[in-house]
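Chemist: Got a predicted structure plus its sequence, pasted below:
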Amino acid sequence: MFRLALLFALILPTLAIAAPCGDTSADFEAWKKDFAKQAKRAGVKKKGLQALAQTTYATRTIAADRNQKSFKYSLDKFMQVRGADTIVAQGRKRKARNPQFYAALERQYGVPAGVLIAIHGMETGFGGFMGDSQVVSAITTLAYDCRRSEFFIPHAIGALKLVDQGSITTATRGAKHGELGHTQFLPGNALNYGVDATGDGKVDFYNMTDALASTANFLRKKGWKPGRGYQQGQPNFAVIQQWNAATVYQQSIAIMAARIDG
C-alpha cells in the first residue's frame, strides 16, 4: 500500500493541468505561471514567454466583454450606429482612388474590393482607430477569464508566437478583445493567415497592404469561391460568417460591400 501511495505521489505532479480559469484578477498571476508551461509546450519561445510574464489583468477588456450591446440591435439600427452610409461613401472613394490595388487582391484571392473595404471600414474606420488596449494583455486576460476561456486560449498562444516572430510586441495596441491592425485580426488568425504582401520580410497588420492581403487570404482559405455571390443565401455569405459571429455584422458587411462594388 505504501509503495502504491508513493507511486501516485510521483505521478500526480506530471498530470497537473493548467490552473483553473477565474472571474476576477485574484488568481491571474498564478494562472500565468501554469499557462506559460502550456504555451511552451505549444511552441512559444523566449520572447513570447517574456511577453506573457509582463502581461497585466485587463480590467477594461473584461468590462467590454460583459457589455456588448451593439450586436443585439436590429439590422437597421446596427448599420445606423456603425455608420454604414459613411463607410459606403468613403469606401467608394477609396476604391476609385486605388483600383489597381484592389483588383490585384481580387486576382490573387478572388475576394471583391467591396468586401475587403467594408470590413476595413467597419473594423477601424479605414485605419482611423485601431484600438488603445495592449493586445497581449487583453487576449491573455480573456484566455484566463472563465466566460470564453477555451475560445481565447489558442488566440493567446497565437499572440505570444507573433511576439516571437516580431510581428507584435508587448506595447502593441489593438481592440479590447485583443484584435489587431487595420482589420482587427484575432491573434490566432493573424498567425495562421497573415501575409507579407509588401515583401519586407515581416507581416505587419498595421500596414494596410499586409492587413488587407491577410484579410483576403483568410476569406479565401475559409472557402471563398471567386465570382460567386456573397449575400445571404449565396455561397460566399457562409465565409463572411467565419469573420464575425454576429448576424447583424455579417448582414451589414454583405450589404455595404454590394453598395461599394455597385
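Modeler: Noted; the coordinates are in hand.
Chemist: Where do the helices of this structure begin and end?
Modeler: Listed in chain order, the helices of the chain (DSSP state H) span 2-11, 28-41, 46-54, 59-65, 75-81, 84-97, 99-109, 113-124, 135-144, 149-165, 187-193, 208-221, 237-243, 247-261.
Chemist: Report the mean per-residue pLDDT for the longest one.
Modeler: Think helix 149-165. Mean per-residue pLDDT for helix 149-165: 96.
Chemist: same deal with stretch 242-262?
Modeler: Over the span of stretch 242-262, the pLDDT mean works out to 95.
Chemist: in it, what's buried?
Modeler: By neighbour count on 16 or more other Cβ atoms under 10 Å, the buried set for stretch 242-262 is 243-244, 248-261. C-beta here means a position set from N, CA and C on the backbone, and glycine is covered the same way.
Chemist: same deal with stretch 188-206?
Modeler: For stretch 188-206, by 16+ other Cβ under 10 Å, it's 188-197, 203-206.
Chemist: Can you give me the end-to-end span of it?
Modeler: 16 Å (Cα to Cα, to the nearest Å).
Chemist: can you tell me which residue is nearest the centre of the chain?
Modeler: Nearest residue to the geometric centre of the chain (Cα atoms, centre = their mean): residue 186, 1.3 Å.
Chemist: Give me the neighbour count for the closest residue in space to it that isn't next to it in sequence.
Modeler: Nearest residue to residue 186 in three dimensions, chain neighbours excluded: residue 155, at 4.9 Å (Cβ to Cβ, 6 or more residues apart in numbering). By the criterion of other Cβ atoms under 10 Å, residue 155 has 23 neighbours.
Chemist: next one: residue 235
Modeler: 13.
Chemist: what residues are up against the nearest residue to it once chain neighbours are set aside?
Modeler: Distance criterion Cβ to Cβ, 6+ apart; nearest residue to residue 235, sequence neighbours excluded, is residue 228 at 4.4 Å. Contacts here follow Cβ atoms under 8 Å, 6 or more residues apart in numbering; on that basis residue 228 touches 234, 235, 236.
Chemist: What is the most widely separated pair among the buried residues of stretch 242-262?
Modeler: 248 and 261 (20.4 Å; Cβ to Cβ).
Chemist: Quick check: residue 28 vs residue 140, distance?
Modeler: 9 Å (Cβ to Cβ, to the nearest Å).
Chemist: Stretch 161-178: end-to-end distance?
Modeler: Note: stretch 161-178 ends 14 Å apart using Cα to Cα.
Chemist: Quick check: which of the helices of the chain is nearest to residue 171?
Modeler: Closest among those, once you apply Cβ to Cβ, is helix 135-144, at 9.0 Å.
Chemist: the inter-axis angle of that closest one versus helix 28-41?
Modeler: Computed by axes from the mean of the first three to the mean of the last three Cα atoms, to 10 degrees, the angle separating helix 135-144 from helix 28-41 equals 100 degrees.
Chemist: List the contacts of helix 135-144.
Modeler: Contacts for helix 135-144 (Cβ under 8 Å, 6+ apart): 21-22, 28, 31-32, 35, 51-52, 54-58, 61-62, 65, 148-149, 152-153, 155-156, 159-160, 163, 168, 170, 172-180, 186-187.
Chemist: Alright, calling it a day.
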